[in-house]
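Undergrad: This is the structure alone, sequence omitted:
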């Protein structure tokens, strides 16, 4: 079946769980992830004949969802600042163990690239489209993330050796 023949319902049922999981790992907030993905899917449905013909409908939807999540996060930060209220952030446990605690500590762009590449299983080109950057930027962002994760893992292992 060519992309142009793909119906939205089939695509949605196949991709929606992965979209939610990926955005959850990027944002750390299940409600924000669901809202951003739902908004992205509504937009994709409204343009489905065009979206279905794209090389990567998923990349298009990831891009919308990421931008929607980031827009909502910026707005929430602005609201908090303007209201001058301090609310403790709800801690979201790592969805896949201690390794994801290390990923959650990465800067947002690196975290997004890692999640889209290795959890959403997008190619670097698709990650680039989803994030609205060049493929070389994705490649260097992933390299930076790998270095940061390796350093944090090494630090963690040394800490554990001293304890043991």
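TA: Everything's here; your move. These figures come from a predicted structure and were not determined experimentally.
Undergrad: Check which residues of the top helix by length along the chain are buried.
TA: Looking across the chain with DSSP state H, the single longest helix is helix 135-163. Of all the residues in helix 135-163, those buried under the rule 16 or more other CB atoms under 10 Å are 137-138, 141-142, 145, 148-149. (C-beta placed from N, C-alpha, C; glycine too.)
Undergrad: Mind putting the residues you listed into a markdown table with pLDDT and distance to residue 11?
TA: What follows is these, written out as a markdown table (pLDDT from 0 to 100; distance: CB to CB, whole Å):
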| residue | pLDDT | distance to residue 11 |
| --- | --- | --- |
| 137 | 94 | 27 |
| 138 | 93 | 23 |
| 141 | 94 | 27 |
| 142 | 93 | 26 |
| 145 | 91 | 29 |
| 148 | 90 | 34 |
| 149 | 88 | 32 |
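Undergrad: just those residues now: which is nearest residue 8?
TA: Lowest distance from residue 8 to the buried residues of helix 135-163 (CB to CB) belongs to residue 138, with 27.1 Å.
Undergrad: quick one: that closest one and residue 124 touch, right?
TA: Yes. Between residue 138 and residue 124 a contact is recorded at 4.9 Å, counting by CB atoms under 8 Å.
Undergrad: any shared contact partners between these two?
TA: residue 117 (CB atoms under 8 Å, 6 or more residues apart in numbering).
Undergrad: Show the model's pLDDT score for residue 158.
TA: The model reports residue 158 with a pLDDT of 70.
Undergrad: Residue 147 versus that one, what's the distance?
TA: 17 Å (CB to CB, to the nearest Å).
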